[in-house]
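Visitor: Using only what follows, build the 3D model:
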Amino acid sequence: MTGGATIAWTDTVVASREQVSCDLNGEAAILHFRRGEYFTLDPVGAWIWNQLQRATTPASILDGMLAEFEVAREQVENGAQIVDIN
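Guide: Coordinates of the predicted model:
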């Protein structure tokens, strides 16, 4: 995000089309075409990345994480961080 923009829990979010990813045994690797950079994600990050392949909301991702992983809502909310790789 540039300029200190924030994303609300109810905003619609989706992965950029400027990236391609692949599954690495439950983890993920993402290549950003324009920047020529790549990123790796642990299994939780890969799960979130999969959710971002279609339009969704951070709240929907949070609800899915609570159903999928053994984690407290407060832990997810307090640890939520938006990383801009556009």
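Visitor: helices or strands up against the helix or strand of the chain with the lowest mean pLDDT?
Guide: Within the chain, no helix or strand scores below helix 73-79, which has a mean of 83 by mean pLDDT, DSSP states H and E. If you count contacts as 3 or more Cβ pairs under 8 Å, 6 or more residues apart in numbering; DSSP states H and E, helix 73-79 packs onto helix 58-68. Every residue, glycine included, has its C-beta placed from N, CA and C.
Visitor: list the buried ones in the helix it packs on?
Guide: Residues of helix 58-68 classed as buried: 58, 61-62, 65 (neighbour count, 16 or more other Cβ atoms under 10 Å).
Visitor: Pull the distance from the least confident helix or strand of the chain to the chain's centre.
Guide: 15 Å (Cα atoms, centre = their mean, to the nearest Å).
Visitor: can you list the residues that contact that helix?
Guide: The contact list for helix 73-79 (Cβ atoms under 8 Å, 6 or more residues apart in numbering) reads 62, 65-66.
Visitor: Go through those and say which is closest to Ser21.
Guide: Met65 (18.7 Å; Cβ to Cβ).
Visitor: How much space separates the closest residue to the closest one other than its chain neighbours from Glu18?
Guide: In space, and not counting its chain neighbours, Met65 is closest to Val76: 5.6 Å by Cβ to Cβ, 6 or more residues apart in numbering. Plainly put, Val76 is 27 Å away from Glu18 if you go by Cβ to Cβ, to the nearest Å.
Visitor: out of the two, which sits in the busier spot?
Guide: Set side by side, Val76 and Glu18 show more neighbours around Val76, with 17 against 12, by other Cβ atoms under 10 Å.
Visitor: Now do the more buried one against Glu68, distance only.
Guide: 11 Å.
Visitor: what do you get for Glu27?
Guide: Going from Glu27 to Glu68 by Cβ to Cβ gives 16 Å.
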